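need a 3D model of the following:
(chains A and B)
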Amino acid sequence: MESIKLAIDWLSIIAIPLIIFVFIGYGGIKKVKVYEKFVEGAKEGFNIGVKIIPFLVAMLMAIAMFRASGALDVLTYLLKPVTNLIGMPSEVLPMALMRPLSGSGSVGVMTDLMNTYGVDSLIGFISSTMFGSTETTFYVVAVYFGSVGIRKTRYALTAGLMADAAGLITAVFICRMLF
Amino acid sequence: MLNHIWLWMIILSLLIAAGSDIYHETATPEKERQTETQRNLNEDTKLGQVTSAAIEAVGRAVKIAIGLIGVMALWLGIMKVAEEAGMIHIIAKIVRPITKRLFPSIPSDHPSIGAMIMNIAANMLGLSNAATPLGLKAMEELDKINPKKGQASDDMITFLVINTSAITIVPATAIAIRASLGSGNPQMIVIPSIIAASMATIVGVTTVKLIQYFQKKNSKNSATAEHGGQNGIH
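Numbers count the residues shown, from 1 in each chain, chains lettered A, B, ... in the order given. Purely as a prediction, here's the structure:
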């Protein structure tokens, strides 16, 4: 386990320099005017950054209001009976609800849970597995679709949240089995 | 769906905040309350907190977007060089057996395939700085073959769902926080995380494919209903 982790750590350090080396180097071999092409591509970076702004503003504003108002606490309270049915400790419910909404928010909830119940407790184990296995779906929808100006998201959020729910519930089951 | 969620997040936030303020103002006896001059209503009330949170969030949104520009430019530049050299083409060809099932409508040598694969690989390695720009590059390419601009295509949604349920081989942030809180075994979550994320990906892709299947079936049915009457063939 330790050596696998070391190998993966090294891989993630080497990955980016290696990709840059191979891609730019291959461009050189193929006689691509690398500097000119790089700049040509890079100039789009600004446009994309600016294009995302309205989408991100709308999304982060709604999420911040939802958190600050205590609406999340109300939702947690309402969903408690459901968590009991699927064997989820009700303490980790705020984590499950926060995870798709906010990355920094879920770091906060996870840290809080581990401080209160212990890092290596079942609750600590479940909350960090939840964090490690799912993404901030709302943020990804805003940024990815925003970058190409997509306002009609169709069934993207439904499918994204289904995936999140599956990940979160699986996290509970696996941790209960292993703990 | 996003329209509804957004609407209700904002309406509920304001109603709940207002409700809790009204409750607290009426429940606390007058003399126990601090005098109005001492109170900072902005911090003391839920409505004030919600407003501050919203203002803070919109500022943060702009900062995040601006902060993306640098890495975006870097990766878009590198991808442009790789595209010109034919590198993206080579990557797309290698992964063709998988991608032709997931994205049947995309030509197998399309540049979006190369960018999507690189985004997924970067996510797996936990290289979030590279993953987002590569993902956005993929979106840009997918939008070029999007028949309806401004509306997400089936392929875009499939990609997004794979992305949000991304399998990370090393969930570095979670491990780092566990370690900093003194866990005896911070890496314990690696295998459970991979299993949970795989499950999320399977359910997500299945959901997407089922929805696409039924939508295609519906549009086919309505098409045969229109034309079937003329030539009698179903």
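
what pLDDT, on average, does the helix or strand where A:Leu78 lies get?
Assigned by DSSP states H and E, A:Leu78 belongs to helix A:71-85. Confidence over helix A:71-85, taken as the mean pLDDT, stands at 89.

what residues does it touch?
A:Phe66, A:Pro89, A:Ser90, A:Leu93, A:Pro94, A:Leu97, A:Met98, B:Met9, B:Leu12, B:Ser13, B:Ile16 (Cβ atoms under 8 Å, 6 or more residues apart in numbering or on different chains). Using the backbone N, CA and C atoms, a C-beta is placed for each residue, glycine as well.

now do the buried residues in that helix.
Neighbour-count burial for helix A:71-85, with 16 or more other Cβ atoms under 10 Å in any protein chain shown as criterion, is recorded at A:Ala71, A:Leu72, A:Leu75, A:Thr76, A:Thr83.

C-terminal to the worst-scoring helix or strand of chain B on mean pLDDT, what's the next element?
Sorting the helices and strands of chain B by mean pLDDT, DSSP states H and E puts helix B:41-44 at the bottom, at a mean of 77. Next helix or strand after helix B:41-44 toward the C-terminus (DSSP H and E): helix B:46-85.

which neighbouring elements make contact with that next one?
When contacts are defined as 3 or more Cβ pairs under 8 Å, 6 or more residues apart in numbering or on different chains; DSSP states H and E, helix B:46-85 packs onto helix A:2-29, helix A:34-42, helix A:44-68, helix B:2-27, helix B:41-44, helix B:87-94, helix B:111-124, helix B:128-144.

re the thing from before, next secondary structure element downstream of the helix holding A:Leu78?
helix A:93-98.

ok now that following helix, how far from the chain's centre?
Distance of helix A:93-98 from the chain centroid (Cα atoms, centre = their mean, to the nearest Å) equals 13 Å.

for B:Ala115, give its distance to B:Ala174.
27 Å (Cβ to Cβ, to the nearest Å).

between these two, who's got more neighbours?
B:Ala115 (29 against 25; other Cβ atoms under 10 Å in any protein chain shown).

ok, the more buried one - contacts?
For B:Ala115, counting by Cβ under 8 Å, 6+ apart, the contacting residues are B:Met79, B:Ile88, B:Leu134, B:Gly135, B:Lys137, B:Ala138, B:Glu141.

can you tell me the SS state at the residue nearest in space to the middle of chain A?
Per Cα atoms, centre = their mean, the C-alpha nearest to the average position across chain A is that of A:Glu135, at 2.4 Å. Three-state call for A:Glu135 (DSSP: H, G, I helix; E, B strand; the rest coil): coil.

what's the distance between it and B:Thr132?
For A:Glu135, the distance to B:Thr132 - Cβ to Cβ - is 11 Å.

and the angle from the helix holding A:Leu78 to helix B:46-85?
Put simply, helix A:71-85 runs at 80 degrees to helix B:46-85, going by axes from the mean of the first three to the mean of the last three Cα atoms, to 10 degrees.

what is the mean pLDDT for the helix or strand that contains B:Leu210?
Element membership of B:Leu210 [criterion: DSSP H and E] is helix B:190-231. For helix B:190-231, mean pLDDT rounds to 84.

any part of that helix near chain A?
Yes. Using Cβ under 8 Å from any Cβ of the partner chain, we find that helix B:190-231 touches chain A at B:190, B:192-197, B:199-204, B:207-208, B:211.

any low-confidence regions in chain A?
A:1-2, A:4-5, A:8 (pLDDT under 70).

tell me the secondary structure for the residue lying farthest from the centre of it?
Of all residues in chain A, A:Lys31 has its C-alpha farthest from the mean position, at 39.0 Å, by Cα atoms, centre = their mean. Secondary structure, three-state DSSP: A:Lys31 is coil.

let me know how buried B:Ile211 is, in neighbour terms.
Neighbour tally, B:Ile211, other Cβ under 10 Å: 17.

wait, it touches A:Tyr155, no?
Yes. At 5.0 Å, B:Ile211 and A:Tyr155 qualify as touching, with contact defined as Cβ atoms under 8 Å.

domain ranges for chain A?
A:1-42, A:48-178 (automatic domain parsing).

re the thing from before, how about the buried residues of helix A:71-85 in a markdown table, adding distance to B:Leu125?
Listed next are those as a markdown table, based on distance: Cβ to Cβ, whole Å:
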| residue | distance to B:Leu125 |
| --- | --- |
| A:Ala71 | 36 |
| A:Leu72 | 32 |
| A:Leu75 | 34 |
| A:Thr76 | 34 |
| A:Thr83 | 33 |
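
and the one helix or strand A:Asp112 maps to, what does it pack against?
Here A:Asp112 sits within helix A:103-117, counting by DSSP H and E. Under the contact definition 3+ Cβ pairs under 8 Å, 6+ apart, helix A:103-117 sits against helix A:93-98, helix A:122-133, helix B:172-180.
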